[in-house]
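J.: The following comprises the amino acid sequence and a computationally predicted model.
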Amino acid sequence: MHPRADQFQHWLTDYGRFREFRCAPYDNGGCAAYHVMAPLLHQLGGFVSFESYGPALRQVLNSRRTNGSQSSIMVAGIASEESARSLLSVLESLTVSNEVEFVDHCQTPLFRIRTMLEDTNYTTRIHTTVGDFLGDHAPTRRYDIVLADSLLRQFQPQEKVQVIQRLAQHLEPKTGMLLFREYVGRNELLLADLWQKLESYPSVLRWKSSVRNDAVAAFDRLYPELQRYMCAKGGSYNTLEDLKRDIRQGGLAEVETHDLSPQCQLVTCRRRIPTHEE
Ligand SMILES: C[S@@+](CC[C@H](N)C(=O)[O-])C[C@H]1O[C@@H](n2cnc3c(N)ncnc32)[C@H](O)[C@@H]1O
């Protein structure tokens with residue numbers, strides 16, 4: 001069997017299992033195709049995984065830990081249980097167990113995470129919450145770390161600062177850290193890279209008799225919907241400076257920037273103490 005074929009088969013089984021759910025009745029901005037395909041996109045390398053920047057993440061988590069105490073982490077936006085698994089594997093490799101809350105405005109990824117947790121044991125304490133960072137999602141508690149992984153690109157340019165401000169409200173005022181991992185570059189070129197990556201796999205698999213036709217048909221049907229959804233989003237920042245400007249306008253101060261790749265940056269921030277003039 002082609003090494004990717006079993007992933008594809010697995011996705012089909014899963015797709016059948018979750019199809020009825022399909023983000024209904026919310027389908028925020030047409031996210032159904034995105035959320036149903038997200039585990040596959042993750043497995044096919046379409047997303048940057050938390051594990052791929054695990055060393056940078058571990059460094060941040062360890063740097064803010066005092067006396068070995070655990071951290072509370074809010075993950076703002078999570079695509080699927082595959083992404084959750086990838087983050088949890090980084091957290092579980094730390095010597096101290098942590099507490100994580102996954103927040104998304106769509107039920108589907110949260111439901112999928114809860115289903116995944118039924119068969120898995122983690123020492124991390126895990127919660128899932130439906131919340132809209134542009135709507136009325138207000139903090140009910142403060143977190144040591146807020147992780148916004150490829151979240152800002154979901155919003156239109158005029159909305160991004162508002163979302164940053166909202167995320168900042170979830171931080172422990174003095175010690176909390178906010179981590180943004182964002183793609184930087186022209187959105188249409190970044191998306192073209194993604195389409196190229198995604199299209200090559202099914203076209204290889206289509207020639208393998210071991211892959212069921214209905215898996216390929218499901219992919220073919222959902223793919224244009226996925227493209228529509230992702231193209232309708234606000235998109236990436238053109239430059240790192242643009243991202244940093246919004247971070248400052250959102251009331252945060254940059255602590256450190258990690259170059260994960262030429263097109264991918266991790267910026268860690270704290271809340272800014274307002275000066276007398278502000
Ligand atoms: C790009 S994905 C997260 C990617 C993340 N790196 C991962 O692998 O899970 C962004 C997520 O943000 C969610 N999202 C978009 N707009 C939102 C909003 N206004 N409030 C809360 N979640 C939102 C989407 O439903 C999606 O699951």
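T.: Cool, got the structure. Numbers count the residues shown, from 1 in each chain.

J.: if you go through the stretch 1-150 of the chain in chain order, where are the helices?
T.: 5-18, 32-43, 54-63, 81-92, 107-118 (DSSP state H, counting those that start in this stretch).

J.: list the contacts for residue 230?
T.: 34, 191, 194 (CB atoms under 8 Å, 6 or more residues apart in numbering). Every residue, glycine included, has its C-beta placed from N, CA and C.

J.: Find the nearest non-adjacent residue to residue 254, please.
T.: In this structure, residue 254 finds its nearest non-sequential neighbour in residue 269, 5.4 Å apart by CB to CB, 6 or more residues apart in numbering.

J.: Make sure that neighbour is indeed in a strand.
T.: Yes. Counting by DSSP: H, G, I helix; E, B strand; the rest coil, residue 269 is found in a strand.

J.: which residues touch it?
T.: 177-180, 247, 252-255.

J.: same thing but 6 Å
T.: By CB atoms under 6 Å, 6 or more residues apart in numbering, residue 269 lies in contact with 178, 247, 252, 254-255.

J.: before we move on, the earlier item: I'd like the helices of the stretch 1-150 of the chain laid out as a markdown table, including mean neighbour count, mean pLDDT and distance to residue 218.
T.: Formatted as a markdown table, the helices of the stretch 1-150 of the chain follow (neighbours: other CB atoms under 10 Å; pLDDT from 0 to 100; distance: least, CB to CB, whole Å):
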| stretch | mean neighbour count | mean pLDDT | distance to residue 218 |
| --- | --- | --- | --- |
| helix 5-18 | 16 | 67 | 6 |
| helix 32-43 | 23 | 84 | 9 |
| helix 54-63 | 16 | 86 | 32 |
| helix 81-92 | 20 | 94 | 17 |
| helix 107-118 | 18 | 91 | 16 |
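
J.: Next, format these as a markdown table and append distance to the ligand.
T.: Shown next, in a markdown table, are these (distance: least, CB to the nearest ligand atom, whole Å):
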| stretch | distance to the ligand |
| --- | --- |
| helix 5-18 | 14 |
| helix 32-43 | 7 |
| helix 54-63 | 12 |
| helix 81-92 | 3 |
| helix 107-118 | 5 |
